[in-house]
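Asker: Here is my input, please return the structure:
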Amino acid sequence: MDFAFMKETFLSLLSGVPLTLNLAFTSVAFGTVFAMILALMRLSGVSVLAAVAQAYVFVFRGTPLLVQIFLIYYGLGQFRPALQEWGLWIFFREPYWCAVLALTLNTAAYASEIIRGGLQSVPHQQVEAARACGMSGFLLFRRIVFPIAVRQALPAYGSEIILMVKATSLASIITMMEVTGIAAKLISQTFRAVEIFVVAGLIYLIINFIITRIVMAIEWWLSPHLRRPPAVEPRLEAAHV
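Answerer: Model (predicted):
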């Protein structure tokens, strides 16, 4: 391996990191809002809403993300006159927004199940205890249900964020110059695929390592009851005796 070339490649691929992070976190932000709506639809008890949410999750979890990107970017382009008439072509003609839309719709399907599982994992006894203290409605959800659900869902949601960072590599097929897009361009110029993809994989590994540490720190902060109590020094024990 040519380490000097890999160093130059690393510096070149770093220029695609901002777009990679932009795609990932924008999609996760929008997807989280949509996922919460889907999860509440599933838990609403209204059969029509639950069926619509379940069908959505089934379709977007059961089809490849690559196909979804193609359908949004290339498929909707077949309806350009109608989209222009409705004023939507300004949105769908941009590869960036098509990629964000595809990633958002995909992550919302997975995240909705994670959120639903977190909400359903809240112990019934704690809800009853809160009601006995006079809490109800939004106050009960904000003070009891939501914090517990977040702690339960956070590890799985952290994995979903990591998957979305890796999924941004598919945006390169619709001309987005994120890390993988720049890597593909360099390969076409140098024909040195191994070194370039090794460096690209290293960049994704570093990004996901940082995300993993951030998620672990948030989980530690939200779980004070799981932290070990500080050890008591022998002198203090002797003093108490």
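Asker: rest of the way, CA atoms for contacts and neighbours
Answerer: Will do.
Asker: how about the spatially most central residue of the chain, what does it touch?
Answerer: Nearest residue to the geometric centre of the chain (CA atoms, centre = their mean): residue 161, 3.1 Å. Residues near residue 161 by CA atoms under 8 Å, 6 or more residues apart in numbering: 24, 28.
Asker: any idea which element it lies in?
Answerer: Secondary-structure element containing residue 161, defined by DSSP states H and E: helix 146-167.
Asker: what do you get for residue 6?
Answerer: Using DSSP H and E, residue 6 maps to helix 3-14.
Asker: Residue 106 too?
Answerer: Counting by DSSP H and E, residue 106 is found in helix 95-120.
Asker: circling back: buried set for the helix holding residue 6?
Answerer: Across helix 3-14, burial judged by 16 or more other CA atoms under 10 Å covers 6, 9-10, 13-14.
Asker: from these, which single one is nearest residue 195?
Answerer: Residue 195 lies nearest to residue 6 out of these, by CA to CA, at 6.2 Å.
Asker: was I right about that closest one contacting residue 193?
Answerer: No. The pair residue 6 and residue 193 fails to qualify as a contact (CA atoms under 8 Å) at a distance of 11.0 Å.
Asker: sorry, back to before: show me what counts as buried in the helix holding residue 106.
Answerer: Buried residues in helix 95-120, counted by 16+ other CA under 10 Å: 95-116, 118-119.
Asker: before we move on, what about stretch 132-151?
Answerer: For stretch 132-151, burial by neighbour count (16+ other CA under 10 Å) applies to 135, 141, 144-151.
Asker: returning to what we had before: the helix holding residue 6 - contacts with which helices or strands?
Answerer: Where contact means 3 or more CA pairs under 8 Å, 6 or more residues apart in numbering; DSSP states H and E, helix 3-14 is packed against helix 179-190, helix 193-222.
Asker: and the first one, what other elements does it pack with?
Answerer: Going back to what we said before, that points to helix 179-190. So helix 179-190, by 3+ CA pairs under 8 Å, 6+ apart, packs with helix 3-14, helix 17-43, helix 193-222.
Asker: With only the CA atoms kept, save it in CSV.
Answerer: Taking Å, rounded to 0.1, in the frame of the first residue of the first chain, the C-alpha atoms of helix 179-190 are listed here in CSV:
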residue,chain,number,x,y,z
VAL,A,179,-17.4,10.7,1.1
THR,A,180,-18.3,7.7,-1.1
GLY,A,181,-19.1,10.0,-4.1
ILE,A,182,-15.6,11.6,-3.9
ALA,A,183,-14.1,8.1,-3.4
ALA,A,184,-15.8,6.9,-6.6
LYS,A,185,-14.5,10.0,-8.5
LEU,A,186,-10.9,9.4,-7.3
ILE,A,187,-11.1,5.7,-8.3
SER,A,188,-12.2,6.7,-11.8
GLN,A,189,-9.2,9.0,-12.0
THR,A,190,-6.5,6.8,-10.4
